[in-house]
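> Give the three-dimensional model of this entry:
(chains A and B)
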Amino acid sequence: MGFLEAVWDILTTDSTYVNTALFAGLLAFAASGEWVAERAGTINISVEGMLLSGAFTAAVGYDITNSAIVALITGVLGGLIIAFVQAEMSHRLAADQFVVGLTLNILVFGLTGFLDRAIEPRTEIVTVWNIPLLSDIPLIGEALFGQPWPFYLLYLLLPFSWWLVFRTRWGLEVRASGENPGAADVSGIDVNRRRRDSIYYAGFTSGLGGAFLIIVQIGRFDPGIVSGRGFIAIAAVIFGGWTLRGTVGGCLVFAGALSFRLAIQGVGYEINSQFLQSLPFLVTVLGMAIFAHRVRPPAALATPFVRGLK
Amino acid sequence: MTEAAAAPTDQQTKGGRLTEWLMLYAGSVAAALFLTAVLVETTGGEWRPVMSALLDGSLRRPGRWGETLGTMAPLLLVALGTVISSKAGLINIGQEGQLAIGAAFAAYFGLLIGGPGPINVVIVLIFGVVGGAFWAGIAGILRFRRSVPEVLSTLLMVTIASQAVAYALGKPWLLLASEANRGNRNQVSEQLGADNRIPRPDIFGNEFPISVYMALILAVAVAFALKSTTWGFRLRMLGQNPTAARRVGVSQGRYGMAALMVSGGFAGLAGAAMLAGGGFAFGNYQIVPGFSGNVGWTGLLVALVASNRAVAAIPAAFVFASLRTGSGFVASTGVESKITDVMQGLLVLALLIPPAVMFIRDRRRARAATMART
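As a prediction, this is how the structure comes out:
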């Protein structure tokens, strides 16, 4: 079978789109919060750890109650715990945000691995809700409207994130903190407080993302379950030029690469497996190489703010 | 006026400050250990045997402290590289990948070139440096030509590196050993020849590769280079005030690139030293899947804990090496050995707190002092 033929097969199969939507869904949960955090001027690399922690607590919550709603709530709690450490250490105390984030990622990996052995939560994928008519659209219908119901939270979360950042006073203050913290401070905005808020928001969405991973996408906890998706979500924000639209676009592109990896093996076309494994990461790096210099980041991105310095 | 007036108050608070620092460190480390103990107890284990197993595995049992020193060397080398890039204000967190590529380069060229013993050991090490620097250099080019944040590119390239090494391990024309030498394993490189290995002299029943001395000397050299050379001064200037650095003609592209490549080179050197140094921890002088074994990540943590001071990285590397060598003994107590990963993470977080708290407190005091004066 030729390569183009294989690609055509993939492009005309429903499951490709379903997988892309699932991967993109996870990335979009994480990226929508990360986008808010970056607009506030903080690169929150612990989003990886937030996803993993959210996934674990969601799995435990589901194990205990057998309820998807509880799983979502405990997932959010798991994300918020990590957000608490990240926010308080890097924007109340003045520890380096990357150092804290990286340490948290490693800590969460060890901790969930340890607790997973001790607890071994049992989980399963929740039921699919087919939305009438819409889910019958060929190719993309099932992907967008025939998913387990937590998927549809995205249709609320994404507009909500946009509204929060562009239509509320809080959002204005967040953006001011990311663009010009000095000016924001002088006009009475507590810059570090807004940054902490935005990290909590990232913890909230990533916690949902972690729960999504457990009860929608995979169905079983494993410490390797996130394996760099959080980093890809951060890359999606950069790829999208710090706009929400672009971020969602980035999620779709990178999710396409992730699902291509699954699909190409499915249609029986042989590509080197190591190449396929690294494909999403290659696409992400290349995507950033092409687009990163065309866009303008928030002016104070990754610059800590201490009142009275500089 | 200020000097004369400020001097006595500084004198007065000096002892107080030291106690404050010590209290903060003691408190946060104790909290980290306490949390670990709580975690062990709540999951049905006992913390005393775990701690005792950690000490047995890292120091007390015969031959173990040599093993710990041998583990310390690559951690320290990775940390030194991290110190250099951090001083230049760059955040290289892809050491795990740079180390893997360095080790792969070292194995490939070391076996390709051959040559008489000691010279070939040097060749192996040099190509380790080249490999690591090359991998970090890609991130450097992306950073300075395409403005891709190096935080992300170095990170994402870790996965790409490990897949690339796995690919090379599957191909006879790259790293895969000849059929006679690979036994029943299908992803393993040729062993380094006996005269291409770093010597491991025996000292009081403990043996460790002499690359440990190399790492220690390099730690002092890095500290000196950063503190007392023009190059080091420029790097630090770049890190502390990029605008000022540009005004006096320190090119961000050139020095930043150099810092990233040196940093990657150190990670690559660590990989080559693991390959040629052997020992229980790092296998049999050959590359296998997962060869880098989190040494890159842990080395990065070492640098963080040492708050980017080269000499302080030595004891930090020793502590983390002890956790590593000790973790193998923890399994015998019936507690999952991953507890050492948790302990490591908590310790790092604990060690980050005191400097941050002191920074805030100092600023508050300074503000109060200026308020009082006006």
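> What residues does the stretch 201-310 of chain A have near chain B?
With Cβ under 8 Å from any Cβ of the partner chain as the criterion, the stretch 201-310 of chain A meets chain B at residues A:228, A:231-232, A:234-235, A:238, A:272, A:274-275, A:277-278, A:281-282, A:284-285, A:288-290, A:292-293, A:302, A:306, A:308. No exception for glycine: its C-beta is placed from N, CA and C like everyone else's.
> In helices, which of those residues appear?
Residues of those located in helices (DSSP state H): A:231-232, A:234-235, A:238, A:274-275, A:277-278, A:281-282, A:284-285, A:288-290.
> Count the neighbours of residue 290 for me.
Since you didn't name a chain, this refers to chain A. 12 (other Cβ atoms under 10 Å in any protein chain shown).
> Actually, chain B is the one I wanted.
The number of residues packed near residue B:290 is 13, by other Cβ under 10 Å.
> How about residue B:244?
Residues lying near residue B:244 (other Cβ under 10 Å) number 11.
> For it, which residues are in contact?
residue B:237 (Cβ atoms under 8 Å, 6 or more residues apart in numbering or on different chains).
> in a helix, that's where it is, yeah?
Yes - judged by DSSP: H, G, I helix; E, B strand; the rest coil, residue B:244 forms part of a helix.
> Distance check, it against residue B:201.
From residue B:244 across to residue B:201, the span is 48 Å (Cβ to Cβ, to the nearest Å).
> for residue A:285, same thing?
Going from residue A:285 to residue B:201 by Cβ to Cβ gives 43 Å.
> And residue A:130, by the same measure?
Using Cβ to Cβ, we find residue A:130 at a distance of 71 Å from residue B:201.
> Those two: who's more crowded?
residue A:130 (13 against 10).
> could you check the distance from the closest residue to the more buried one other than its chain neighbours over to residue A:139?
Nearest non-adjacent residue to residue A:130, counting by Cβ to Cβ, 6 or more residues apart in numbering or on different chains: residue A:146, 4.8 Å away. The gap separating residue A:146 from residue A:139 is 12 Å, by Cβ to Cβ.
> Looking at the two, which has the bigger crowd around it?
Comparing residue A:146 with residue A:139 by other Cβ under 10 Å, the one with more neighbours is residue A:146, at 20 against 14.
> pLDDT value on the more buried one, please?
In this model, residue A:146 is scored at 80, pLDDT.
> That one reaches residue A:137, doesn't it?
No - using Cβ atoms under 8 Å, residue A:146 makes no contact with residue A:137, being 9.5 Å away.
> how about the strands in chain B?
B:202-203, B:206-207 (DSSP state E).
> and the last one, what does it pack onto?
Using 3 or more Cβ pairs under 8 Å, 6 or more residues apart in numbering or on different chains; DSSP states H and E as the contact definition, the elements that strand B:206-207 packs against are helix B:64-87.
> which helices and strands does the helix it packs on pack with?
Under the contact criterion of 3+ Cβ pairs under 8 Å, 6+ apart, helix B:64-87 touches helix B:95-113, strand B:206-207, helix B:211-228, helix B:230-240, helix B:252-277, helix B:295-305, helix B:313-330.
> give me the low-pLDDT residue ranges for the chain?
Using chain A. Within chain A, the segments meeting pLDDT under 70 span A:1, A:308-310.
> um, chain B though
B:1-13, B:117, B:183-185, B:279-281.
> excluding its backbone neighbours, what's nearest the most centrally placed residue in it?
Centroid check for chain B by Cα atoms, centre = their mean gives residue B:299 as the closest residue, at 2.0 Å. What sits nearest to residue B:299 in space, not counting adjacent residues and going by Cβ to Cβ, 6+ apart, is residue B:78, at 2.5 Å.
> Would you mind measuring from the one you found to residue B:60?
27 Å.
> Looking at these two now, which is surrounded by more residues?
Regarding residue B:78 and residue B:60, a neighbour count based on other Cβ under 10 Å identifies residue B:78 as having more, with 35 against 14.
> Show the contacting residues for that one.
Listed by Cβ under 8 Å, 6+ apart, the contact set of residue B:78 reads B:95, B:99, B:266-267, B:270, B:295-296, B:298-300, B:302-303.
> State the distance from the closest residue to residue A:149 other than its chain neighbours to residue A:73.
Sequence neighbours aside, residue A:129 is the residue nearest to residue A:149 in space, at 4.5 Å (criterion: Cβ to Cβ, 6+ apart). Distance from residue A:129 to residue A:73, counting by Cβ to Cβ: 19 Å.
> Who has more neighbours out of the two?
Remark: of residue A:129 and residue A:73, residue A:73 carries more neighbours, 18 against 14, as counted by other Cβ under 10 Å.
> Thank you kindly, that will do.
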